[in-house]
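>>> Structure, please.
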Amino acid sequence: MKNKIVCLSTTNFHPLPTRKQNVMTRLRNAEVLYFDPPVSYIAPLKDRRCAARLFARWKKEDKPQGNLTVYALPPVLPFFNKYRWVNRLNQKRQARFVRKKMQAHGFGADTVLWCYSPSSCDIVRRVPHQKLVYDCVDRHSAYKGHINTAVVDGMERDLAGGADMVFSTAVGLHETLQAYNAEAKMIPNGAAYEVFSRVQSERGSLPCPDALKNLPHPIYGFVGMLQECIDYALIERLAQARPDATIFLIGRTLPGVDLEHLKRYPNIVFHGLVPQPELPAFIAQFDVCLNVFRAGALSKDVSPLKFYEYLATGKPIVSTREPLQVSDFADVVYIADDETAFLKACAEAAREDDPAKVEKRLAYGKACSWTERVRQMEGELYARGILQER
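Next up, the predicted model:
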């Protein structure tokens with residue numbers, strides 16, 4: 001009999017795979033109910049794409065693979081990260097929905113409840129389970145918006161303190177969580193090495209996407225969500241300093257992020273989302289991969305998937321000092337502490353001709369693969385009896 005896992009995610013299963021999808025799809029001997037995060041009733045005011053989920057999508061079931069089923073949680077009241085009482089009301093409703101789906105799939109009291117958001121602290125006692133896992137991937141209280149830092153930190157303390165296993169992705173997060181749960185373990189994010197290593201293993205045979213044909217080189221590429229914590233000032237400065245180069249941005253601009261000032265530069269290309277299987281063909285055309293974060297509490301403790309994916313391609317990488325995990329790879333990554341150093345690093349990276357660095361980046365990427373990360377997590381979970389050999 002398989003381990004039964006209820007995953008309360010902070011990321012929709014589709015369209016882009018993050019830590020949550022990569023972990024849940026790689027866990028062996030497990031049947032997973034994956035719940036997409038709920039939409040707030042006022043979310044469509046900020047992002048019209050949320051409107052379709054308010055009353056329609058959350059009722060649907062998706063089965064992307066045999067042992068995993070996806071549901072979207074029902075809509076919630078806003079301000080749950082400001083007022084704990086609102087969160088309790090929301091979680092009471094969410095729990096009814098989760099219990100109903102658990103019953104339909106034969107999940108009982110032996111379930112492992114696997115949470116990604118501090119707000120899940122108030123659903124724990126309402127959902128039958130035997131073990132509780134909290135996997136922390138962000139400094140949740142550092143996000144902007146309708147947030148009370150003390151409330152979010154308090155919810156995280158309650159969730160982590162009562163968990164049977166706590167994982168985190170960065171040193172700063174680990175230090176915080178270890179104060180709540182002495183058994184907390186840090187396991188950073190990873191990369192789908194089998195996908196991104198194709199940039200080197202299929203070098204020369206990957207077709208050039210139409211969007212990249214005839215663009216001036218060097219091409220400085222960025223892959224990831226265009227969110228508030230990205231250092232757009234550095235991107236703009238690079239566009240100004242290198243009008244002969246191309247800055248190619250792959251990803252969706254998140255609500256509240258205004259990038260109109262960048263769109264006036266002819267050498268900055270906004271491409272939008274690209275499905276993961278198609279990314280190697282795009283990155284193969286990059287001369288340099290950019291990992292640029294604006295300094296702050298959120299950036300310091302982030303474990304960016306894009307960085308590990310870049311490593312797995314073997315391509316040169318230019319990064320800001322934050323996130324702090326970048327320093328572990330300083331022998332193969334160009335790290336800049338300020339604007340002047342960033343422009344210098346971009347120039348040096350574009351000129352790189354060192355096969356040894358390529359091979360070392362690939363080795364790092366393989367060591368940071370999701371296969372290896374999940375193996376580490378499973379090692380902890382099986383050793384503690386949270387997951388069972390069945």
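
>>> For Arg375, see how far away Val333 is.
25 Å (C-beta to C-beta, to the nearest Å). For glycine as for every other residue, the C-beta is placed from the backbone atoms N, C-alpha and C.

>>> Could you do Phe80 as well?
35 Å.

>>> which one of these two has more residues nearby?
Remark: of Phe80 and Arg375, Phe80 carries more neighbours, 25 against 13, as counted by other C-beta atoms under 10 Å.

>>> Would you check how far apart that one and Phe107 are?
25 Å.

>>> before we move on, what about Arg237?
Distance, Arg237 to Phe107, using C-beta to C-beta: 52 Å.

>>> Neighbour count for the two, which is higher?
Phe107 (21 against 16).

>>> Tell me the predicted confidence for the more buried one.
Per-residue pLDDT puts Phe107 at 97.

>>> is it true that it lies in a helix?
No: with DSSP: H, G, I helix; E, B strand; the rest coil as the criterion, Phe107 is assigned coil and is not in a helix.

>>> I figured it hits Leu33, correct?
Yes: the pair Phe107 and Leu33 qualifies as a contact (C-beta atoms under 8 Å) at a distance of 6.7 Å.

>>> hey, what's in contact with both of these two?
Val6 (C-beta atoms under 8 Å, 6 or more residues apart in numbering).

>>> Cys136 - how many residues pack around it?
The burial count for Cys136: 26, using other C-beta under 10 Å.

>>> what's around the residue nearest to it when sequence neighbours are not counted, how many residues?
Once flanking residues are discounted, Cys136 sits nearest to Ser168: 4.5 Å by C-beta to C-beta, 6 or more residues apart in numbering. Using other C-beta under 10 Å, Ser168 is surrounded by 25 other residues.

>>> now do Arg93
Arg93: 17 neighbours (other C-beta under 10 Å).

>>> Pass me the low-pLDDT residue ranges in the protein, would you?
43-59, 390 (pLDDT under 70).

>>> what's the longest helix in it?
helix 84-104 (DSSP state H).

>>> and the next element down the chain from that helix?
Next along the chain after helix 84-104, taking DSSP states H and E as the criterion, comes strand 112-115.

>>> Tell me which other helices or strands that following strand touches.
strand 3-8, strand 131-136 (3 or more C-beta pairs under 8 Å, 6 or more residues apart in numbering; DSSP states H and E).

>>> so the first one versus strand 131-136, what angle?
Meaning strand 3-8. Interaxial angle, strand 3-8 versus strand 131-136 (axes from the mean of the first three to the mean of the last three C-alpha atoms, to 10 degrees): 40 degrees.

>>> What lies in contact with the helix or strand just after strand 3-8?
Toward the C-terminus, strand 3-8 is succeeded by helix 19-26 as the next helix or strand (DSSP H and E). Contacts to helix 19-26, defined as C-beta under 8 Å, 6+ apart, come from residues 5, 7, 9-11, 13, 32, 34, 64-65, 68, 114, 116, 135, 137, 169, 189-190, 192, 305, 370-371, 373-374, 377.

>>> just the buried members of those residues?
Among the contacts of helix 19-26, those buried by neighbour count (16 or more other C-beta atoms under 10 Å) are 5, 7, 9-11, 13, 32, 34, 68, 114, 116, 135, 137, 169, 189-190, 192, 305, 370, 373-374, 377.

>>> Residues touching stretch 106-118, excluding its own?
Here stretch 106-118 has contacts from 3-11, 20, 24, 33, 37, 102, 123-124, 127-137, 140-141, 152-153, 155-156, 159, 163, 386-387, using C-beta under 8 Å, 6+ apart.

>>> Any of those residues buried? List them.
Looks like the contacts of stretch 106-118 have 3-11, 20, 24, 33, 37, 102, 123-124, 127-129, 131-137, 140-141, 152-153, 155-156, 159, 163, 386-387 buried, using 16+ other C-beta under 10 Å.

>>> Val257 belongs to a helix, doesn't it?
No: going by three-state DSSP, the assignment for Val257 is coil, not a helix.

>>> check contacts around it.
So Val257 contacts 226-228 (C-beta under 8 Å, 6+ apart).

>>> separation between it and Val6?
Applying C-beta to C-beta to Val257 and Val6 gives a distance of 32 Å.

>>> Quick check: phi and psi on the residue lying farthest from the centre of the chain?
Distance from the C-alpha centroid of the chain, by C-alpha atoms, centre = their mean, peaks at Asp244 (32.4 Å). Main-chain torsions, Asp244, degrees, to the nearest 10: phi -80, psi -10.

>>> So what's the residue count around the nearest residue to it once chain neighbours are set aside?
Excluding its sequence neighbours, the residue lying closest to Asp244 (C-beta to C-beta, 6+ apart) is Pro216, at 6.0 Å. When neighbours are counted by other C-beta under 10 Å, Pro216 registers 11.

>>> try Asp110
13.

>>> any idea how far it is from Ala383?
18 Å.

>>> again, but for Pro304
Counting by C-beta to C-beta - Pro304 and Ala383 are separated by 29 Å.

>>> Which one of these two is surrounded by more residues?
Taking neighbours as other C-beta under 10 Å, Pro304 and Ala383 compare with Pro304 leading, 21 against 9.

>>> quick one: contacts for the closest residue in space to Val292 that isn't next to it in sequence?
Distances taken as C-beta to C-beta, 6+ apart place Asp231 nearest to Val292, at 4.4 Å, with adjacent residues excluded. Going by C-beta under 8 Å, 6+ apart, Asp231 touches 292-294, 320.

>>> of those residues, closest to Gln91?
Phe293 (31.7 Å; C-beta to C-beta).
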